[in-house]
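Peer 1: Provide a 3D model corresponding to the input given below.
(2 chains)
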Amino acid sequence: MSGNEIITLGGQQVRVVIVGAGKVGYSLAQCLVEENHDVIVIEEDESRRNIIQNSLDVMTIQGNGASPRVLLDSEVRSADLMIAVTDSDEVNMVACMAAKRAGIARTIARIRDIESMDEAETEFHRSLGIDLTINPEYVTALEISRNLMIPTALEVEDFADGKVRLLELKIRSESPMIGIPLANLELPANVLIVGIFRQNKIIIPNGQDILLPNDNVFLVGEPKFLDMIQDEFANILDPVKRVMIIGAGRIGRSLAVLLEKEGIAVKVIDKDEERCQGLAKILKHSSVYHGEGTDIDLLIEEGVGDADAVVCLTDDDKLNLLLALLAKEMGTKKTIVRVGRTEYIPLMEKVGIDSVLSPRLITAGFILSHVRRGNYVSVSLLEGAKAQAMEVIVSSSSKVAGKKLKDIFFPPNSLVGAVVHRQDVYVPNGNSILYPDDRAIVFALPETISKVEKIF
Amino acid sequence: MNLKLLQAIIGRLFTVYGLIMIAPALVAIYYQENTFRAFAPVAVVLIILGWSLVKSGRIQEKIGPREGLTAVAATWLLASLFGALAFYLSGCFPSFIDALFEAVSGLTTTGATVLPNLEIMPRSILFWRSLSHWLGGMGIIVLFIVLLPNIGMGAVHLFNLEVPGPVADKVMPKIRDTARMLWLIYTSMTVLSAVLLWLAGMPLFEALNHALTLVSGGGFSTRTAGASSFNSLAVELIVVIFMFLNAINFNLYIHAWRHRSLRSFNDPEFKLYGIIIASAFCLVTLSLITQSGTTIFTALRQSLFQVVAMSTTTGYAIADYNHWPIFAQFVLFMLMIVGGCSRSTAGGIKIVRILCLFKMAWAQIRQAIHPRLVVNIVVHDKVVDSNTLAKVGGFFFLYIIISCCATLLLTVAGLEIFDAMAATIASLSNVGIGFGAFGPMANYAFLGPGGKVVLIFCMLIGRLEILPLLVLIMPAFWKSKRKW
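Peer 2: Have a look, this model is predicted:
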């Protein structure tokens, strides 16, 4: 977030210290372990430490991440990167500063208390010894606003400076695409189906697979072509003009500001009067209402049914779900829900919530995208880390450079979705050749990622 | 139960085990023994079977607790069966039960033998006995984690199930690195002890065999009379030192190596281990001198060797302690129950568990006087959580109840009560030699097949620290396809 610098970790295996084994810490550790890195987790709470110790191949240390006793441990000092993601900004900052002193080269801290990011602040943090600061709420708000801008999509990820886009769409039941083997589907030249999400599993399809109603499909391609075919798959929706946000926490506030900048009419509802007052001061055109999100009269009065999208951001997963269902019932076209527990994501999507977002996963994905080895540009976690989409730069020393794709042995469950050669985007086939400095968008299941890494 | 996953794991294990079995086959070729015809076919069958299982299985999902327990239990049972098959085919054993007893006794590092005369045995058989000790000492699965690339996240479960001890503390971030380090230390100890024994005058083949059985805490020998037949003080001292070193928590070595300091040996379990051995040594020596009038030098020599051999559950003997005063015998008996440190190659209840139990008992006594007193059980500056304490208590109970049941079954087979109890504890703690009829100079050949089966189970239960095998006898574990 601070600058576009990517913390690259050259060499094979790196040692990462994660401070705080909360949900973000856990997701991070899980991804890093799956990619065969050495992971040390520092956690103060004994029971949380036990959970992570017993389920992941990591080393755990009980203690405070900012305490000298922990940081002077020789296993910790030999680390290459520290990621501090405890609940407390102060602990994260101090841990990173101390880690820098103790000799850890790179540090990343989760810092909540930053409403917007500017150069001066970034510079200040860097001078303290924090290379990268992450504000999970702001990252989440960005993600939601991007999601709202493309109304039919459940998830949107941009790669190669926006030249390539990954879309997740829900297939409508009468879509003409259903039941035809993928090999026979007529898609624009630069669009490819890279994944199907069915019954809580992601399938990397081959030509024989067919789409079924209510599948979620992942499409990769150039944005303008994707726009052309979206309505073949999913219900057509008008661009979002009116958004209702329920819950004015940090995410809600950041989101309201972001949406306002895009010229969208925003209504915010929150039960806390002080928070409402504070937000009303920041917002110029939008309106803020003080009231319970569950107050149906208030929702109807403020035209929840006419909103193009309702975003439920309270701290309570159950309440968010209920509110979203309520809004759907009243005629809202799109509902977005924030969840704390990632296990609920598939369930909520099943009962008709359009997008379910977990700030923790988004944050973990964001941090990971900054902790790639040399030639990785960005990474997104899909469907609760069930698959990853990665942007890779083909290095000149790579095994694949200059070879036809059909001659390269790709690990099963991985797929090159799109290639950016110089400035052109194309969907590769068996005869396509990858050249050094091309950018490839690779779609893969978690267990094959380390194998994919070896190829590029 | 995820069968595909189990197939993949067990298939890999078979392949590795088959490859290892080529070693005794090579020994047979070298010494021109016809046991080659026993080892080679079993090795080939294992490799083919393993390979086909690997092909049909798939490691896709995480290894859950159920799969972990099944994989560990199946690994040990199948490894024992195939080891026994090789023994049986060699024709050196009168029945398959005898062969199985010897194989289990080998893998579990018990060292109880059914062979009355070792000198007439083919060398390849002797070598396979020693090698199975060595494999089982550090653990088949630990070896398998080292040798095979990623078997997924569940390696942690498997590792913790096989490596003895109540608490799973990691010294390195990755389980594979930890396992590699353990085997590195283990192998270097083996090489070192083999060289030293050879220098002390043992023939090379016997030095190698004794090194393998010594560092694994096993107890098999290449001679019927065991370690006493060398009658050399140097050999005995080397044996004592390596027995002592290998019953220490291996994590301490890794710590010391990585931090380049011996600070890690300031460990409560290690200290108690030292105290137990020192005090037992003093008591036995005094008892020998005063009660049976042994000369001071002989008393010191025999008691040191015997105390360390029993405490580390190796089970070598240089003296027939059946003739010792009953007090000294009982000290040895208690040492067998306690065993060595956790995460070592020793068996028994493990010293850290005894330490926790003592502290729990002490805390209860204090609480009886001060009912509102808040007490924490602290081991190595860390509060042991109630869950771990409950597991320690449960383990102790199971150990006692299993030894009672096994003793009961052995008395049915017609054994005297103390003989039966000693045989049970000797198997359960993986010592191998007991008292009375199963004393240091005796063997298990005369025991009936029923008694042997009971002891086979005791040995496996003792090595795997009870639970992995005990869940197999739970009907619910087999019955339900679903998880409840």
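
Peer 1: what's the neighbour count on the nearest residue to residue B:339 once chain neighbours are set aside?
Peer 2: Leaving aside its chain neighbours, residue B:339 sits nearest to residue B:348 (1.5 Å; criterion: CB to CB, 6 or more residues apart in numbering or on different chains). All C-beta atoms are positioned from the backbone trio N, CA, C, and that covers glycine. Counted by other CB atoms under 10 Å in any protein chain shown, the residues lying close to residue B:348 total 28.

Peer 1: what's the answer for residue B:56, then?
Peer 2: Around residue B:56 there are 12 residues (other CB under 10 Å).

Peer 1: for chain A, see how far away it is.
Peer 2: From residue B:56 across to chain A, the span is 16 Å (CB to the nearest CB, to the nearest Å).

Peer 1: for that residue, what are its contacts?
Peer 2: B:4, B:7, B:11 (CB atoms under 8 Å, 6 or more residues apart in numbering or on different chains).

Peer 1: enumerate the residues of the stretch 51-200 of chain A near chain B.
Peer 2: For the stretch 51-200 of chain A, the contact set with chain B under CB under 8 Å from any CB of the partner chain comprises A:53, A:54, A:55, A:56, A:57, A:58, A:59, A:60, A:62, A:74, A:75.

Peer 1: identify the farthest-apart pair in the residues you listed.
Peer 2: The most widely separated members of those, counting by CB to CB, are A:55 and A:74 (25.7 Å).

Peer 1: hmm, back to that, so who does the residue nearest to residue B:339 touch?
Peer 2: B:313, B:336, B:337, B:338, B:339, B:340, B:429, B:430, B:431, B:462.

Peer 1: ok, the third one touching residue B:429?
Peer 2: Yes: Residue B:337 sits in contact with residue B:429 when judged by CB atoms under 8 Å, with a separation of 6.3 Å.

Peer 1: residue B:356 against residue B:394, yeah?
Peer 2: No: using CB under 8 Å, residue B:356 is not in contact with residue B:394; the gap is 11.9 Å.

Peer 1: low-confidence ranges in chain B?
Peer 2: Along chain B, segments meeting pLDDT under 70 span B:1, B:60-61, B:149-154, B:167-169, B:478-484.

Peer 1: only the buried subset of the contacts of residue B:56, as a ChimeraX command please.
Peer 2: In ChimeraX, a selection of the buried entries from these looks like this (16 or more other CB atoms under 10 Å in any protein chain shown):
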select /B:7,11
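
Peer 1: can I get the contacts of residue B:56 in TSV with secondary structure and distance to residue A:37?
Peer 2: Below are these laid out as TSV (DSSP: H, G, I helix; E, B strand; the rest coil; distance: CB to CB, whole Å):
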residue	secondary structure	distance to residue A:37
B:4	helix	27
B:7	helix	29
B:11	helix	28
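
Peer 1: nearest to residue B:228, of the contacts of residue B:56?
Peer 2: For these, the nearest to residue B:228 is residue B:11 (43.5 Å; CB to CB).

Peer 1: OK, contacts around the nearest residue to the closest one once chain neighbours are set aside?
Peer 2: The shortest distance from residue B:11 to any non-neighbouring residue, by CB to CB, 6+ apart, is to residue B:53 (2.8 Å). Contacts for residue B:53 were tallied using CB under 8 Å, 6+ apart; they are B:7, B:8, B:10, B:11, B:14.

Peer 1: need the max-distance pair from these.
Peer 2: Among these, B:8 and B:14 lie farthest apart (CB to CB), at 11.1 Å.

Peer 1: of the contacts of residue B:56, closest to chain A?
Peer 2: Set against chain A, the nearest of the contacts of residue B:56 by CB to the nearest CB is residue B:4 (14.3 Å).

Peer 1: that concludes my questions; thank you for your assistance.
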